[in-house]
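In: how would this look folded up:
(chains A and B)
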Amino acid sequence: MKETERFSLPKPEGQDFADGALQLQALAEAVDIDLSNLQQSLTNSLRTPAYIGVSTATVTIASTEVLQLFDDATNIFNLTGFTTVYNNGFANPFTIPEQGSYLFGCYGVVTCDGAVNANTLRRFIIAASVPNGPQFTSQKSYSYWEQTLQAPAASSYLCAAGTFDYQVIGDARPKILWWGFEHDNTSSTVTMATGALWWVIKISDLAS
Amino acid sequence: MPGFTPNLSLTYPTIDDVIDAAAWQTLSNQIDAQLSVTDLLRQQTLHRPTVNCTGFTAGVAPATTTNINFNTSIWTIPSTFHSTSVNNDQFLVPSSGLYFVTGDVSANSGTTETRLVGGVSLNGTVYFQASNAGNTLVVSISCNPKGLIACNAGDIIRVFGNWAGTGTATLGADVQIFKLANL
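Out: As a prediction, the model looks like this:
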């Protein structure tokens, strides 16, 4: 039998023995493989790795500290693949399931616990540090900041978002996603309320 | 007895079966049906719900949380996602999924504007907010709430603002919403 040009589907030639059952079976099985693979890849593109976490306790931060979110991690949504929530410095990295381009970000509400230094900084820092390239020769780092000034006697609301590429599968080196908060309100500590969100989602395969 | 392929259960005749027109028709119809399934997946992949709108709500007093009306559509896919004329403060989620929402919320034309909180709610519950502090000199202030929301079909997303200062202000916003994944 010959095969079609693009998907290699079997087709009988004039000299082929007229075994219609076998020829139909070959065609059905070839179509089965091609179509099911195509359907699976389309389904996968609609169901990408994603994670949304939410804090379950308030956290208090002095102006000399940088809060590393989020020790009180509860994932409210974990579509696929993200197996470890990052906490405790670099000892326990967030596991990125597969290579691709990712969107990540966070949200939180912070309030001074005492005296407010007017117009002082409140800032989220989100960062990714991931292996770069198949040669394992370097790492890429991505950092994004979102900051605001806090008016007297009010809470601040912060959202941050950014993107990063992860190119290597199976590299044992840490793949760090980092959500942090800092402020310069020196007259009192600042508390981040329960319900802070942090999230990451794959948005694309890498260009081949 | 006919045979069946392992993944899609396409039916083919075996050596003991009669190879007639019905056998060909059955296989052709089943391939046709699976092509339709594939085409639907393709459309869902390439035509994900998305909306980009701008709008404003005028005459807003300070310290009043106000949903912003979106009266101009840059694009709205599908058209049921948002109406510029009916309940135009609402974005009706067309299908369950993870949606990225980002927008700029501004307060303009107040006598003084010292602070603005802009946010996004889901079914009336605040999901995330952003704030910005101005000073007594400014008459325009903005902030950029953004985040990822897990939604069900029929959920309602709104964008709101709440400002501090004197006078009355116009709350404006542009918002973009993209579906990124199925749940």
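In: now the element after the helix-or-strand element of chain A with minimal mean pLDDT, going C-ward?
Out: In chain A, the helix or strand scored least confidently by mean pLDDT, DSSP states H and E is strand A:73-78, which has a mean of 51. The helix or strand immediately downstream of strand A:73-78 is strand A:100-112, counting by DSSP states H and E.
In: that next one vs chain B: in contact?
Out: Yes: for strand A:100-112 and chain B, the contact criterion (CB under 8 Å from any CB of the partner chain) is met by A:103, A:105, A:107, A:109. From N, CA and C alone the C-beta is placed, and that goes for glycine too.
In: remind me what the helix or strand just after that strand packs against, helices and strands.
Out: Using DSSP H and E, the helix or strand that follows strand A:100-112 in sequence is strand A:120-132. For strand A:120-132, the packing partners by 3 or more CB pairs under 8 Å, 6 or more residues apart in numbering or on different chains; DSSP states H and E come out as strand A:100-112, strand A:138-150, strand A:156-166, strand A:176-183.
In: least reliable of those by average pLDDT, please.
Out: Mean pLDDT values for the helices and strands packed on strand A:120-132 show the minimum at strand A:138-150, a mean of 71.
In: before we move on, the earlier item: out of the helices and strands packed on strand A:120-132, nearest to residue B:165?
Out: strand A:138-150 (15.2 Å; CB to CB).
In: hmm, back to that, now the helices and strands packed on strand A:120-132 in CSV, with mean neighbour count?
Out: Listed next are these as CSV, based on neighbours: other CB atoms under 10 Å in any protein chain shown:
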stretch, mean neighbour count
strand A:100-112, 22
strand A:138-150, 16
strand A:156-166, 22
strand A:176-183, 22
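In: to residue A:193, which of these lies closest?
Out: Among the helices and strands packed on strand A:120-132, the nearest to residue A:193 by CB to CB is strand A:100-112 (4.5 Å).
In: and the chain, split by domain according to the record?
Out: Here I'm looking at chain A. Following automatic domain parsing, one gets these domains for chain A: A:2-46, A:50-204.
In: can you look at chain B instead?
Out: Structural domains annotated on chain B: B:3-46, B:50-181, as defined by automatic domain parsing.
In: can I get the ones you listed in TSV including mean pLDDT and mean neighbour count?
Out: What follows is the domains of chain B, written out as TSV (pLDDT from 0 to 100; neighbours: other CB atoms under 10 Å in any protein chain shown):
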stretch	mean pLDDT	mean neighbour count
domain B:3-46	92	14
domain B:50-181	93	19
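In: identify whichever of the ones you listed lies nearest to residue A:178.
Out: Residue A:178 lies closest to domain B:50-181 among the domains of chain B, at 17.3 Å (CB to CB).
In: can you give me the end-to-end span of that closest one?
Out: 12 Å (CA to CA, to the nearest Å).
In: does chain A sit close to it?
Out: Yes: judged by CB under 8 Å from any CB, domain B:50-181 and chain A are in contact via B:98, B:100, B:102, B:114-115, B:117, B:119, B:128-133, B:135, B:143-148, B:150, B:164, B:180-181.
In: of the domains of chain A, which stretch is the most buried?
Out: Counting by mean count of other CB atoms under 10 Å in any protein chain shown, domain A:50-204 has the highest mean neighbour count of the domains of chain A, with a mean of 18.
In: first-to-last residue distance for it?
Out: By CA to CA, the extent of domain A:50-204 from end to end equals 12 Å.
In: for stretch A:180-188, same thing?
Out: Start-to-end, stretch A:180-188 (CA to CA) is 19 Å.
In: what does it rub up against?
Out: Taking contacts as CB atoms under 8 Å, 6 or more residues apart in numbering or on different chains, the residues outside stretch A:180-188 that touch it are A:61, A:63, A:65-69, A:108, A:110, A:112-117, A:120-127, A:150, A:158, A:190, A:192.
In: chain center to it: distance?
Out: Here stretch A:180-188 is found 27 Å from its chain centre; the criterion is CA atoms, centre = their mean, to the nearest Å.
In: next: stretch A:199-206.
Out: So, by CA atoms, centre = their mean, the centroid of stretch A:199-206 is 6 Å from its chain's centroid.
In: can you tell if that stretch touches chain B?
Out: Yes: using CB under 8 Å from any CB, stretch A:199-206 reaches chain B at A:199, A:201, A:203.
In: out of those residues, list just those in strands.
Out: A:199, A:201, A:203 (DSSP state E).
In: so residue A:109 touches residue A:192, yeah?
Out: Yes: with contact defined as CB atoms under 8 Å, residue A:109 counts as touching residue A:192 (7.0 Å).
In: re earlier: ok, so of the residues of strand A:100-112 next to chain B, who is nearest chain B?
Out: Chain B has its nearest neighbour among those in residue A:107, at 3.9 Å by CB to the nearest CB.
In: bridging residues for that closest one?
Out: Beta-bridge pairing of residue A:107 under DSSP bridges involves residue A:159, residue A:197.
In: how about residue B:105?
Out: Here residue B:105 shows beta-bridge partners residue B:143, residue B:173, assigned using DSSP bridges.
In: quick one: contacts for it?
Out: Per CB under 8 Å, 6+ apart, neighbours of residue B:105: B:68, B:116, B:118-119, B:130, B:142-145, B:159-161, B:171-173.
In: that one and residue B:163: what is the separation?
Out: According to CB to CB, to the nearest Å, residue B:105 and residue B:163 sit 9 Å apart.
In: need the overlap of contacts for those two.
Out: B:116, B:171.
In: redo the residues of stretch A:199-206 next to chain B as JSON lines? Include pLDDT.
Out: Converted to JSON lines, the residues of stretch A:199-206 next to chain B look like this (pLDDT from 0 to 100):
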{"residue": "A:199", "pLDDT": "86"}
{"residue": "A:201", "pLDDT": "91"}
{"residue": "A:203", "pLDDT": "91"}
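In: nearest to residue A:1, of those?
Out: Using CB to CB, residue A:203 is the member of the residues of stretch A:199-206 next to chain B that sits closest to residue A:1, with 42.7 Å.
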